[in-house]
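**Q** Mind looking at a prediction? Sequence and model below.
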Amino acid sequence: MAVQDTNRDWGDKCRTPDTKNIMPPNTQDPPGPGETPERQLEVAPSRVYILLLRALWWADRHQVLLAVAVVFLAVFVAPMVTWKLLGTGPSLQDPDKFLGQGGVLDNIINKKLHGQPFARKVVVDAITKHAKSSNPHKALVLSLHGPRGVGKNYLSTMIAQALYADGMTSSCVRGYSATRHFKHHDQKNVRNYMDMLHEEIPSLVRRCPRALVIFDEMEKMPAQLIDTIKPFVEESEAVDGVDYRRAVFILLSNSAQGIIEEQTLLLRRDQRLQRENFRLKGFQKMIRDHALGVTSDKDGGKTNAAETLTPLPSDGPNVCSRQIEHPCVEPYKRPVRQNCYIFFTCTEYRQAFKETLCQKTVYECCPGYRQTGGSCESGTGLWQAELLKHHLVNYLIPFLPLEREHVELCVRDALTDMGKEKLARDTVLMERIMSEFYFWPETGEVRFSEGGCRPVRDAIDLHIKP
C-alpha cells in the first residue's frame, strides 16, 4: 500500500499544476482571438516541446524503448512541425512556391542536356538573374530555334523543374502547342484563340507573378496571335492591372533548322571547330536574318533573302508552281534589201533581237509554308519577325544538330532512368541500339542524327525485353 501511495503522489505532482510551472509565462494560456498571427506562431512550437517533456517523464516511468522513440520524434518530427507552423519548411511542401534555383538548373543541364553549348552558356545565367531580380524591366523571353529532337522541349522541362517544385505539372506553368491549341487558321477560330490567351495568361500571372509560359511550334501559330502576346512581353509596369515583368516566356521553334544545320556542318567538318568554340553571335545573326527575311550585303544594304535561297525541286513536298511574265529579248529574222546585181535587188534576212514579255514557271513554297534551304517548312515566320523587329526577345538560342557521341549519351541516360545502369556500359548492346539511327551526310567524320535523340526510347525497346 505504501508503494501505491508513493506512485499516486508522483502522478499528482506531475499533473497540470507542475506542468504549468515548467511552461514559460507567455505559454500558459492558448492564444486568444485578439492575438496576432506572430503571437500564435510563437506559442505553438513551445507547446510541442512541453508535450515532449511530458512524454519523456512517462518514458522514464515505463520503459527505455519509449524514451528512444520520443527522442527520435524530438529530433525529426518537432523541426518539421515548427517548419510547418512558422512557414520556414522546405519549399517542396508547396508545389506552386517559386524556387528559382539556378544552381539546380545548371546541374541538370550539365548532366542531361547534350551537345548544346549555347543553352549552357545563356539559359542558366538568364534564368538565374531574372529569378533573383525583384523588379526586372520586362518579362524574360527566350526563343529556342533548331531541329527536332535536340533538346528544346527537354530544356523547357528542366527550367520548369528549377523554378517550381512540381515542374511542368505546377499550376504556375502553362504550355501551348500550335498543333494542339491553335490548329485552325480561319478567322473565327483565330478570334477564339485570341480571347482564350487574353483570358488565361493574365489570370495565370495575376495568381503566379513568376509564371512560366511555353509556346511550342511557334512558327505554326496564326500570325494574328502576336497582337495578343506582344503586350505581355513589352516593357510596361502593368497591362490592365497585371504586371508581367517577372514572368518567363519560352518560344520553341523549328524554324532556321536548315541554316543552323548547314552552319554547324561547315564549322565542324570544314573548319574542324569543336561546338564549344562556336560563336553565338554568328548563329544569332543568321536566325534573326532568316526570321526577318533579309540578309545584309557588303554595302550595308538589304536584299530579299528569298532571292538567294536554294532552288526548290519542282516535285518537292509543299512546292507550288506559277507562271510569271518578265522582260526578255526574242530573236527574229529582219529583212534587209540590197543590190544583188547591177539592175536587181534582193532581200536578205539577218538575225536580230527585239524586247518582249516572256513567261516562265517558278517554283515556290505553297501558302502557309516558308522556304528553308531546299525544302518548305510549315509556318510563315511572322511571329519571329514581329517579336524581333520590336526587340521583345531577350535571347535567341540556337540548338545544334546532334552527333553520334551525343546520341550515345542520350541512350545511356535513358537506360539509367529505366534502372538498367549495367546495360548502359554494354558496348555490344550500344552498337545494336545505335544501328537503329540514321545519320547524315552518308559519309564523312562529322555526321548528324536525323531526329536527334527523339527515337532513343523506341530504339532501346527494340533490343531490350521489358
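**A** Received it, and whenever you're ready, just let me know what you need.
**Q** For R206, list the residues it contacts.
**A** With contacts defined as Cβ atoms under 8 Å, 6 or more residues apart in numbering, R206 is in contact with V242. Where you see a C-beta, it was placed from the backbone N, CA and C, and this is true even at glycine.
**Q** Can I get the helix or strand containing it in PDB, CA atoms only?
**A** Element membership for R206, per DSSP states H and E: helix 187-207. Output of helix 187-207 as PDB, limited to C-alpha atoms (Å, rounded to 0.1, in the frame of the first residue of the first chain):
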ATOM      1  CA  GLN A 187     -10.800  34.000 -88.800                       C
ATOM      2  CA  LYS A 188     -13.400  32.700 -86.300                       C
ATOM      3  CA  ASN A 189     -11.100  30.200 -84.600                       C
ATOM      4  CA  VAL A 190      -8.200  32.700 -84.500                       C
ATOM      5  CA  ARG A 191     -10.500  35.200 -82.700                       C
ATOM      6  CA  ASN A 192     -11.400  32.400 -80.200                       C
ATOM      7  CA  TYR A 193      -7.700  31.700 -79.700                       C
ATOM      8  CA  MET A 194      -7.000  35.400 -79.100                       C
ATOM      9  CA  ASP A 195      -9.800  35.600 -76.500                       C
ATOM     10  CA  MET A 196      -8.500  32.400 -74.800                       C
ATOM     11  CA  LEU A 197      -5.000  33.800 -74.400                       C
ATOM     12  CA  HIS A 198      -6.200  37.200 -73.300                       C
ATOM     13  CA  GLU A 199      -8.200  35.500 -70.500                       C
ATOM     14  CA  GLU A 200      -5.800  32.700 -69.500                       C
ATOM     15  CA  ILE A 201      -2.400  34.400 -69.400                       C
ATOM     16  CA  PRO A 202      -3.500  37.400 -67.300                       C
ATOM     17  CA  SER A 203      -5.300  35.100 -64.900                       C
ATOM     18  CA  LEU A 204      -2.200  32.900 -64.600                       C
ATOM     19  CA  VAL A 205       0.200  35.800 -64.000                       C
ATOM     20  CA  ARG A 206      -2.200  37.500 -61.600                       C
ATOM     21  CA  ARG A 207      -2.100  34.300 -59.500                       C
END
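**Q** Give the buried residues for it.
**A** 190, 193-194, 197-198, 201-202, 204-205 (16 or more other Cβ atoms under 10 Å).
**Q** mind listing the strands for this structure?
**A** Secondary structure of the chain, counting by DSSP state E: strands at 140-145, 173-177, 212-216, 248-253, 294-296, 302-304, 319-339, 345-365, 369-372, 375-378, 395-398, 439-440, 448-449.
**Q** Model confidence score at the closest residue to L462 other than its chain neighbours, please.
**A** Nearest non-adjacent residue to L462, counting by Cβ to Cβ, 6 or more residues apart in numbering: E436, 6.2 Å away. With respect to pLDDT, E436 has a value of 95.
**Q** likewise the one 5 residues further on?
**A** Here the pLDDT value assigned to P441 is 92.
**Q** ditto for S91
**A** Value for S91, per-residue pLDDT: 38.
**Q** same deal with L265?
**A** With respect to pLDDT, L265 scores 94.
**Q** One more: A238?
**A** We have a pLDDT of 86 for A238.
**Q** And E325, by the same measure?
**A** pLDDT, E325: 68.
**Q** cool, and P455?
**A** At P455, the model reports a pLDDT of 94.
**Q** Report the angle between the helix holding R206 and strand 212-216.
**A** 160 degrees (axes from the mean of the first three to the mean of the last three Cα atoms, to 10 degrees).
**Q** hang on, the earlier thing: quick one: the residue nearest to L462 from K188, how far?
**A** With distances taken as Cβ to Cβ, to the nearest Å, E436 is found 44 Å from K188.
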